[in-house]
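> mind looking at a prediction? Sequence and model below.
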2 protein chains.
Amino acid sequence: MTTVTMRPDAVNMPDAAQGTDSVAIICGGGSLPAAVAEALSRSGRRPVMFGIKGWADPVSVERHPHHWVALGQVGRLLRLARREGCREAVLIGAVLRPPLTKIRLDWPTIRAMPRIIRAFRGGDDRLLKGVASIIEDGGLRIVGLDALAPEIFVPEGVLAQRRPTEGDKADIARAIQVVAALGPFDVGQAAVVADNHVLAVEGVEGTDNMLARIAEMRRQRRVTARLGTGVLVKSPKPAQDRRFDLPAIGPQTIENVARAGLAGVAVTAGSTLIAAPMEVIAAADRANIFLMGVSEVASP
Amino acid sequence: MTTVTMRPDAVNMPDAAQGTDSVAIICGGGSLPAAVAEALSRSGRRPVMFGIKGWADPVSVERHPHHWVALGQVGRLLRLARREGCREAVLIGAVLRPPLTKIRLDWPTIRAMPRIIRAFRGGDDRLLKGVASIIEDGGLRIVGLDALAPEIFVPEGVLAQRRPTEGDKADIARAIQVVAALGPFDVGQAAVVADNHVLAVEGVEGTDNMLARIAEMRRQRRVTARLGTGVLVKSPKPAQDRRFDLPAIGPQTIENVARAGLAGVAVTAGSTLIAAPMEVIAAADRANIFLMGVSEVASP
C-alpha cells in the first residue's frame, strides 16, 4: 500500500503531467475549443480536452490528451480531471440547451439535480452558472479565457480593409445600446441596425439564424435598407460572467453578414472570441465588409 | 363665381355629409380598418375610407364611402379628405416600410421629401410620426382610436376559458419587462418567454414570423421548454404615440401561438387592438390557450 493506491486514478496515466500546469478544456461545438487548446500549448500549459458527446468536434478533441463525457456526467468529468492533474477548467464552444431526456446522469449529478433544475428555469447564463458552481464544488475551478488565452479575443480597431462610415458608426452605437438594454434579461448578445433602425434582436435562435432572417426579409422587401447598409453588433451582456458564453465570431459569421447585405460587423474588443482570425479577416475582405473591435465602455 | 367654385372639390360630391362628423380612415392591410369603420358607424360618425393601394383590403374599403391613394400621395389624400368634410383622420392597419421606389409622389409630398427622408432614418415610430406631421400640416388632424372606437381595444382580464398559471404570470411579467427595456429603440412590441427564459424578441419580422421561429426552434430542439409552456406578450413601447402603430392581435395570432406550442397570450389592456374579438376568443378556446389583457402599469 503506497501513495499509488491512495490515488488509484493515477496508476494508469503515466502521461498525466503530475504537478505541471494541466488545464481541462470542456469542449462544446465549433472551432473555438481547438483555438483555446493551441493558445494554451503555446503558453507552455498542457490542455486536456473533455469533449462533450454530441457537441464537440472529434478531430479537434482527439488532437490532444482527451476524454469524452456525456452531458450530466459531472462526476466522471471531475474524476478524470483530477486524474489528469487539472485544477482549472475552461468551458468553451456551443452547447444548446439540451432536452432533459438527452442528459445522462451520474450520481454526483443526480445529487445536484435540484440545483440544475433551478438553473434550467432561466436564461442560458443562469444555466451555465448553475453547472459551473456544481463543477467548482467538486474541486475544479472554472476560469475565464482572458488570462489563459488572450489572443483568442478580438482586439480594438478596424481589422479588415473596409472602414465603417459615420453612418455605420451611428448604427453600431445604437446596436450596442440595444444589447445593453437587454442585459438584465439573459437573452441574446447581438442585434442588427440599419440606418438607425433596429431590424433584429437575437433570441435563442442564435446569430446565424438572425442573419438569415435579415436576408429573407430583404427578399420579401420587408427590409428596404439599401444593400450594403446595416451592421451586426455582438457584445456581451453588461453583467455577463466572463468565464463562459462570451459572444464569438468565425468565418461563417462573416459569410452570413454578407448574405444579409450588411456593411459590416462590430464586436466589443477584449470580450468577443474569434475562431480562426486570419480566415475571418480574409472572408471580410473577400465580401468587402468591415470588421471592427470597439471599446466596451464608449460607443465608437 | 360662387362659393362652389371656391371649393370646386365639393361640386361632384352630393353625398359628402358637409358639416357632419366625417372621419377619414387611412387604411393599411388587415381587418382592423373595417372594425374601426364599423365602430365609428355605430357611434354615429361617418367613416370615409382612404385605402392605401397595395395594402388595404378592397372588400373592407369599398363597403363604405371610399377613395384609393398611393403611398406618397399626401396631396391627393388631403384634397379628398377636405372634399369629404373630414377634419380628423385615423391611421390603421399594416403598412410595412415601403421600398422608396414603390412610392408615387405628388407635389405636396415632394415638398415634404426632406422630412420624409429624415423620418426614414429611424424606426417605424419615427417614420409614422413624420408622415403624420406632414398630414397634419395639411389640415387633417390625426387622432387616436381611444376616444373614437374604444371597443376595438382588448379589455383587462382573462378573455377565454383557460386561465394562466402562476408560472405563466411570471413569464408574462418578464416579457413585459423585455418589451419595456426596448422601448427607447423603436423596435418590436412583442416577446416570447418560457420558464422565465426569453426565447425571442420581435424585430422588423413581425409577430407572426417570430412565432413561426419558435415553432421551428421546437422542431430543431433548440427550444426545449415543454409543449404548452411559454407566453407571447404584446405591449406598446412606453413612449408609443397612441395615434398609430399600436400592437394588435387577431385570429391568426392565436393560431400561430398554438403552433408555437405556447400556453397563451397576454397583451396590455386598453392599448392593444383586437380585430374580430369573438373569433379571437373562439380560436383561443379551440386551441386551449389563454388570452388575457393585463394592466399597463403593474405586472400581473
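Here it is on my side, so go on.

> which is the next helix or strand following the one helix or strand in chain A whose mean pLDDT sits lowest?
Here the helix or strand of chain A ranked lowest by mean pLDDT, DSSP states H and E is helix A:3-6, holding a mean of 35. As assigned by DSSP states H and E, the chain's next helix or strand after helix A:3-6 is strand A:22-27.

> got the contact list for that following strand?
Residues outside strand A:22-27 that contact it (C-beta atoms under 8 Å, 6 or more residues apart in numbering or on different chains): A:16, A:33, A:36-37, A:40, A:45-52, A:55-57, A:60-61, A:64, A:69, A:77, A:81, A:84-86, A:88-93, A:140, A:148. C-beta coordinates here come from the backbone N, C-alpha and C atoms, glycine included.

> mean confidence for that strand?
Averaging pLDDT along strand A:22-27 gives 94.

> stretch A:69-84 too?
Here the average pLDDT along stretch A:69-84 is 91.

> where does the stretch 51-200 of chain A dip in pLDDT?
The stretch 51-200 of chain A contains residues with pLDDT under 70 at A:95-105, A:112-127.

> mind listing what A:A263 touches?
A:R162, A:P164, A:T165, A:D168, A:D171, A:G228, A:T229, A:G230, A:V231, A:I289, A:F290.

> correction: the previous question concerned A:T207.
A:G188, A:A190, A:L232, A:K234, A:T253, A:N256.

> please name the bridge partners of the nearest residue to A:A89 once chain neighbours are set aside.
Leaving aside its sequence neighbours, A:A89 sits nearest to A:A24 (C-beta to C-beta, 6 or more residues apart in numbering or on different chains; 3.8 Å). A:A24 forms beta bridges with A:V48, A:A89, as assigned by DSSP bridges.

> A:A24: how many residues sit nearby?
27 (other C-beta atoms under 10 Å in any protein chain shown).

> just A:I274 next, same as before
25.

> same question, the one 5 residues further on
If you count neighbours by other C-beta under 10 Å, A:E279 ends up with 15.

> again with A:G203
Number of residues near A:G203 (other C-beta under 10 Å) recorded here: 28.

> tell me who's in contact with it.
A:V187, A:G188, B:V192, B:V198, B:L199, B:A200, B:V201, B:R213.

> re earlier: buried members of the contacts of strand A:22-27 into ChimeraX, please.
Listed next is the ChimeraX selection for buried residues among the contacts of strand A:22-27, using 16 or more other C-beta atoms under 10 Å in any protein chain shown:
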select /A:16,33,36,37,40,45,46,47,48,49,50,51,52,55,56,57,60,61,64,69,77,81,84,85,86,89,90,91,92,93,140,148
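
> which helix or which strand is home to A:L199?
strand A:197-201.

> in that strand, which residues are buried?
Quick answer for strand A:197-201 (16+ other C-beta under 10 Å): A:H197, A:V198, A:L199, A:A200, A:V201.

> residues in contact with the nearest residue to the second one once chain neighbours are set aside?
Distances taken as C-beta to C-beta, 6+ apart put B:V187 closest to A:V198, at 4.0 Å, once the chain neighbours are dropped. If you count contacts by C-beta under 8 Å, 6+ apart, B:V187 has them with A:V178, A:V198, A:V201, B:G123, B:V201, B:E202, B:G203.

> for the third one, list the residues it contacts.
Applying C-beta under 8 Å, 6+ apart to A:V201 gives the contacts A:178, A:182, A:187-188, A:190-191, A:210, B:182, B:187-188, B:201-203.

> what's across from it in the sheet?
The partner residues for A:V201, given DSSP bridges, come to A:A191.

> could you measure from it over to B:V187?
As judged by C-beta to C-beta, to the nearest Å, A:V201 and B:V187 stand 6 Å apart.

> try the last one
Computed with C-beta to C-beta, the distance linking B:G203 and B:V187 is 6 Å.

> for the strand or helix carrying A:R286, packing partners?
Here A:R286 sits within helix A:277-287, counting by DSSP H and E. Packed against helix A:277-287 by the contact rule (3 or more C-beta pairs under 8 Å, 6 or more residues apart in numbering or on different chains; DSSP states H and E) you find helix A:251-259, strand A:290-294.

> return the residues of the stretch 151-300 of chain A in contact with chain B.
For the stretch 151-300 of chain A, the residues in contact with chain B (C-beta under 8 Å from any C-beta of the partner chain) are A:174, A:177-178, A:181-182, A:184-188, A:192, A:195-206, A:209, A:213, A:217, A:221-224.

> list buried residues within those residues.
A:174, A:177-178, A:181-182, A:185-188, A:192, A:195-206, A:209, A:213, A:217, A:222-224.

> where exactly do the strands run in the stretch 151-300 of chain A?
A:157-158, A:190-194, A:197-201, A:231-234, A:248-249, A:264-268, A:273-274, A:290-294 (DSSP state E, counting those that start in this stretch).

> thanks a lot, catch you later.
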